[in-house]
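>>> I need the structure of the sequence given here:
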Amino acid sequence: MNHTHPSSFGLYEAARILVPGFYFASLFSVFFTVFVSRYILFSFDQAIWIMLFFFLVLVSGLTMYAKESTKRRRAFAENQPSSFLQEIARKHIPLQSLSEIEARKLYFYILNHFFPPAFHEKVFFFGTVYHIMIQIRRTSFWFTIFSLICLAAQTAGGMALKDQQALVSFTFVVCLTYLLNVKYNKADRKMQENYQDQIFWLQMNGPLLQDLFQKFELSKKSTAS
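Below is the predicted model of the structure:
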């Protein structure tokens, strides 16, 4: 039942870094143009601006990637296939209860060695899409809040809205992006559908699970001894 197929894990992980980073750097560049440049003037060459842009893409993307805050969301944490493995293990009399870490290790072993290639790609694809959409939503939210604060500060300082048209337009577009992302949010639902498909596959392969549970228990005993 083992499936050998080329892994696109690296491409998906790169997308999780570069796409949110590019979105953040793009919004920051526009925000700099419509607001910051009004007060702070820089005279860098175009080549330096391009280098700074790609540097911001990489740094912001890696920062959001390292934080992994999306994994704490309910849609990501609920109905995990590893939790299903824990439940099945409790019903398997010869086996002691699997810890959360052990269940996760066993799940990734099954994912890498037994899941069909289509399932394997689906896991990485929807996981990547979920991460990107959540980061775009959060980036849009915070740029909206910060832009509104800047608009309010300039208006309170006596600047008319007609003199802030660029910032107003930027705020509107970013806010609209956030609202559309929230209203037409398929990321959470697709993530749960993906988990349910994996759990169904595990349910349909009970004998395989029992065999893997026994092997896993033997490996634990041999390691302990």
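>>> Please name every helix or strand in contact with the lengthiest helix in the chain.
Looking across the chain with DSSP state H, the single longest helix is helix 117-156. In terms of contacts (3 or more Cβ pairs under 8 Å, 6 or more residues apart in numbering; DSSP states H and E), helix 117-156 is packed against helix 9-34, helix 100-113, helix 165-183, helix 187-203. C-beta here means a position set from N, CA and C on the backbone, and glycine is covered the same way.
>>> 6 Å instead, please
Applying 3 or more Cβ pairs under 6 Å, 6 or more residues apart in numbering; DSSP states H and E, one finds that helix 117-156 makes contact with helix 9-34, helix 165-183, helix 187-203.
>>> For the longest one, buried residues please.
If you call a residue buried by 16 or more other Cβ atoms under 10 Å, then helix 9-34 has these buried ones: 12, 15-25, 27-28, 30-31, 34.
>>> can you check the second one too?
Buried residues in helix 165-183, counting neighbours by 16+ other Cβ under 10 Å, are found at 167, 170-171, 173-175, 177-178, 181.
>>> What pLDDT does the model give Ala156?
For Ala156, the pLDDT comes out at 92.
>>> Look through this structure and report the residue furthest from the middle.
Gly158 (41.4 Å; Cα atoms, centre = their mean).
>>> Give me the distance between that residue and Arg104.
Look at Gly158 and Arg104: by Cβ to Cβ, to the nearest Å, they are 58 Å apart.
>>> Kindly report the same for Val34.
Look at Val34 and Arg104: by Cβ to Cβ, they are 45 Å apart.
>>> And the lowest mean pLDDT element among the helices and strands of this structure?
helix 74-77 (a mean of 62; mean pLDDT, DSSP states H and E).
>>> Phe141 is nearest to which of the helices and strands packed on helix 117-156?
helix 165-183 (5.2 Å; Cβ to Cβ).
>>> What does the pLDDT read for the residue nearest the centre of the chain?
Taking Cα atoms, centre = their mean, the centroid of the chain lies closest to His131, which sits 1.6 Å from it. Looking at His131, its pLDDT stands at 88.
>>> could you point out where this protein is predicted with low confidence?
Within the chain, the segments meeting pLDDT under 70 span 1-7, 68-77, 92-97, 221-225.
>>> for the helix or strand hosting Leu209, which positions count as buried?
Using DSSP states H and E, Leu209 maps to helix 206-224. By 16+ other Cβ under 10 Å, the buried positions in helix 206-224 come out as 209, 212-213, 216-217.
>>> Make JSON lines from these and add distance to Leu98 to it.
Listed next are the buried residues of helix 206-224 as JSON lines, based on distance: Cβ to Cβ, whole Å:
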{"residue": "Leu209", "distance to Leu98": "11"}
{"residue": "Leu212", "distance to Leu98": "11"}
{"residue": "Phe213", "distance to Leu98": "8"}
{"residue": "Phe216", "distance to Leu98": "8"}
{"residue": "Glu217", "distance to Leu98": "10"}
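>>> Tell me the one of these nearest Thr63?
Thr63 lies nearest to Phe216 out of the buried residues of helix 206-224, by Cβ to Cβ, at 36.2 Å.
>>> For the nearest residue to that closest one once chain neighbours are set aside, grab the count of nearby residues.
Nearest non-adjacent residue to Phe216, counting by Cβ to Cβ, 6 or more residues apart in numbering: Leu106, 5.9 Å away. Using other Cβ atoms under 10 Å, Leu106 has 21 other residues around it.
>>> could you measure Leu106 against Pro207, distance?
According to Cβ to Cβ, Leu106 and Pro207 sit 16 Å apart.
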